[in-house]
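K.L.:
with the input below, show me the fold.
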Amino acid sequence: MTSRCDSLQTPSLYPEAFGVAPPDVLGDKRMRPRQPAFMLWRGLPADNPAQPAPARLLAAAQWGLVPHWVKSESDGKLRAPKLVEARSETVTTSRAFRDAWLQGQRCIVPVMAFYADDWRSGKAVPTRIWRTDGRPMGVAGLWARWLGPEGQALLSFALLTVNANGHGLMHRYRPPGNDAHMPVLLNEGAYDAWLDARVEKAKEFMRPYPAQSLTANPVQDKGGSGGPHHSRLPPQLR
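P.N.:
Here you go, the predicted model:
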């Protein structure tokens with residue numbers, strides 16, 4: 001499960017990499033399920049009236065999707081940690097994600113790195129993974145907007161993942177008895193195409209990012225909001 005990511009902490013990266021103004025408050029470095037993070041989307045019709053080339057909008061939203069059919073906000077928050085990622089193999093059939101997918105509610109989540117556990121030693125070794133050029137990554141995602149009976153509104157999102165069993169790097173992050181998965185990392189030139197693609201074409205973006213463009217390093221993952229603490233690679237993983 002991709003439940004650990006680093007957010008952008010340099011304001012200039014938002015306009016440079018994603019073409020949007022940075023948020024007033026950057027937030028914690030470590031993104032956490034059920035907590036606010038940032039996503040790029042086209043917005044609701046009232047926010048971004050129809051036009052030939054609608055702008056990307058930056059919005060704060062809860063990481064962990066809350067489907068529109070959830071009965072209460074508290075129920076949605078309880079579900080959220082299990083809905084931080086949507087697997088590409090089941091996104092069109094999963095009750096939690098199907099409606100968001102079919103309605104084209106797609107977004108992009110800016111991150112600097114994501115984390116996975118390396119299982120080659122038989123134990124989980126937390127590992128930070130990022131682009132070799134150090135540039136931000138845009139992760140494909142789905143968003144949902146839950147409306148409560150008294151007018152409450154909760155915007156949320158989930159990251160999309162793809163099978164990585166045959167990936168040159170990510171195959172090693174396979175929990176025992178499970179498949180390896182990785183976030184769907186979009187090429188910079190595909191950001192608008194992803195947001196605007198017809199539903200029947202959206203699956204074409206569900207493919208692994210090239211292994212040679214990613215690097216990884218084990219960390220002492222303490223789960224805090226600060227930066228990771230790098231550790232030496234265990235001998236059996238060198």
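
K.L.:
element containing the residue nearest the centre of the chain, please.
P.N.:
Geometric centre of the chain, nearest residue: residue 159, 3.4 Å, by Cα atoms, centre = their mean. In this structure, residue 159 sits in strand 153-163 according to DSSP states H and E.

K.L.:
please apply the same query to residue 61.
P.N.:
strand 57-63.

K.L.:
kindly export that strand (C-alpha atoms) in PDB.
P.N.:
Extracted C-alpha coordinates of strand 57-63, given in PDB (Å, rounded to 0.1, in the frame of the first residue of the first chain):
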ATOM      1  CA  LEU A  57      -6.600  24.200 -10.000                       C
ATOM      2  CA  LEU A  58      -4.800  23.400  -6.800                       C
ATOM      3  CA  ALA A  59      -7.000  22.200  -3.900                       C
ATOM      4  CA  ALA A  60      -6.500  20.900  -0.400                       C
ATOM      5  CA  ALA A  61      -8.300  17.600   0.000                       C
ATOM      6  CA  GLN A  62      -8.200  14.600   2.400                       C
ATOM      7  CA  TRP A  63      -5.900  11.800   1.400                       C
END
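
K.L.:
skip ahead from it and say which helix or strand is next.
P.N.:
Past strand 57-63, the next helix or strand by DSSP H and E is helix 73-79.

K.L.:
need the pLDDT of residue 17.
P.N.:
pLDDT recorded at residue 17 is 97.

K.L.:
so where do the helices sit in the chain?
P.N.:
Secondary structure of the chain, counting by DSSP state H: helices at 13, 73-79, 98-102, 191-196, 199-202.

K.L.:
who wins for proximity to residue 28 among the ones you listed?
P.N.:
helix 13 (16.1 Å; Cβ to Cβ). Backbone N, C-alpha and C define where each C-beta goes, glycine included.

K.L.:
returning to what we had before: residues of the strand holding residue 159 that come out buried?
P.N.:
Buried residues in strand 153-163, counted by 16 or more other Cβ atoms under 10 Å: 154, 155, 156, 157, 158, 159, 160, 161, 162, 163.

K.L.:
thanks again, I'm all set now.
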